[in-house]
Structure formats: structure tokens, C-alpha cells
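what would the 3D arrangement of this be:
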Amino acid sequence: MMLVSRYKNNLESYCYLDKDSPKITAKILQQAQKHGIDLWSANPNITPEEIFKEDATKHYLAVISQEIGQDSGNEKQQRTLERYAKQKAKESGWELIRGSNRECIRMNGNEIQIAIPFVSQVKEQPQKIREYIGRLTMYRLLAKHQGLEGKIRFEILSPNIPDELKEMVEEINNE
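Below you'll find the predicted structure:
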């Protein structure tokens, strides 16, 4: 906490402090909520509370993504996952989750949308589906643990989505 109190009057610089760990930013944002934030670069059409909430949510999701870790798979699958995510991040409103090159986020009012790519070979598909559903479940549980507000919806990034996976993700999104 000494780091936080040392920098609480200069919170506009917090982004430079956590290049190695988004957890530092999460702690700083908790202090910022108590002491206020510098809105010099804020969008005038969005309230300070909305800006703060969105920024904090993005950082908590970065922490969650880091805690969950990377998907398994060979090098070719890893590159494909990254390619799908980078394509999605080019769409309006979407961006890569900080520290991740495979997961995207879009904030839409009180809804958090997370797009995660899916790649598998036929022989490993059942295992990959279980891993994917586990990943979504971990996101939900850790987000709840962090106290994130808002509905989380997931989107599968893949040109070939197995019907079984579509149905499971749809069910998770409707919870």
C-alpha cells in the first residue's frame, strides 16, 4: 500500500506502473475510487463514474486472464488463436484484453462482452470443448469474486464452431 499512497496524487501515471503485473493497477484503482481520479483525458460524454468503472473492469479482466493462463495447443494452434483475436480487436469497440493476445473485450453499457477464440483438431475436440467451457466458467467465477458488476457474455471466435460448443456457450450466456 505504500506504493499506492505514494502515487495517489498522480494517478494519471498508473498505466506505467503495471507493465509486469496488472494487479498493481487494480490496487491503485481501488485507492482511486476512495480518493478520486484525474480526468484530464476523459470523454466529456461519459460520467467520471462510468470512466472509472470501465477502466477498473478492464484491469480486473486483465488480472483474471493472467490468472487463468493460456490455452493448450501446438504452435500452429497458438498462432491461429492469436490471429482470430487480432481480427476481432480490429472491429469497432473491441480491444485485446490487456496482457492477452488471445482474448478480446467490448464494454457495452452494463454488459461485458468477452470474445475468446476456439481451435481444435477433430481428435482432440471433446477435450478442447471442456477446456473452453472451463475457461468461461473461470472467467465468471473470478469476475464474481472480484465484484465485477454487469452481465458477462461470451463470443466464440472460430470459423468452425461445433454445435455442442455453441449450445453450451449459449446456455452460459443465458444464466
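
tell me which residues touch the residue nearest the centre of the chain, please.
Centroid-nearest residue in the chain: L61, 3.8 Å away (criterion: C-alpha atoms, centre = their mean). Listed by C-beta atoms under 8 Å, 6 or more residues apart in numbering, the contact partners of L61 are 97-98, 105, 112, 114, 139, 143, 148. All C-beta atoms are positioned from the backbone trio N, CA, C, and that covers glycine.

for the helix or strand harbouring G134, name the packing helices and strands.
Following DSSP states H and E, one finds G134 within helix 125-146. The contact analysis (3 or more C-beta pairs under 8 Å, 6 or more residues apart in numbering; DSSP states H and E) places helix 125-146 against helix 48-68, strand 111-117, strand 151-157, helix 163-173.

in this protein, where is pLDDT below threshold?
The chain contains residues with pLDDT under 70 at 1-46, 48.

ok, and the closest non-adjacent residue to M107?
E54 (5.2 Å; C-beta to C-beta, 6 or more residues apart in numbering).

how near is the one you found to H145?
As judged by C-beta to C-beta, to the nearest Å, E54 and H145 stand 19 Å apart.

those two: which is more packed in?
E54 (15 against 10; other C-beta atoms under 10 Å).

how far away is the more buried one from V63?
For E54 relative to V63 (C-beta to C-beta), the value is 15 Å.

then K90?
Distance, K90 to V63, using C-beta to C-beta: 25 Å.

who's more crowded, those two?
Neighbour comparison, K90 and V63: the larger count goes to V63, with 21 against 9 (by other C-beta under 10 Å).

I figured that one hits H145, correct?
No. With contact defined as C-beta atoms under 8 Å, V63 does not reach H145; the gap is 10.7 Å.

distance of the residue lying farthest from the centre of the chain from L165?
Farthest-out residue of the chain from its mean C-alpha position, per C-alpha atoms, centre = their mean: K123, at 29.3 Å. Going from K123 to L165 by C-beta to C-beta gives 16 Å.

with V122 instead?
The gap separating V122 from L165 is 13 Å, by C-beta to C-beta.

check contacts around the closest residue to F118 other than its chain neighbours.
Setting aside the residues directly before and after it, F118 is nearest to S158 in space (C-beta to C-beta, 6+ apart), at 4.3 Å. By C-beta under 8 Å, 6+ apart, the residues touching S158 are 84, 117-119.

quick check on S158: phi, psi?
Main-chain dihedrals, S158, degrees, to the nearest 10: phi -170, psi 140.
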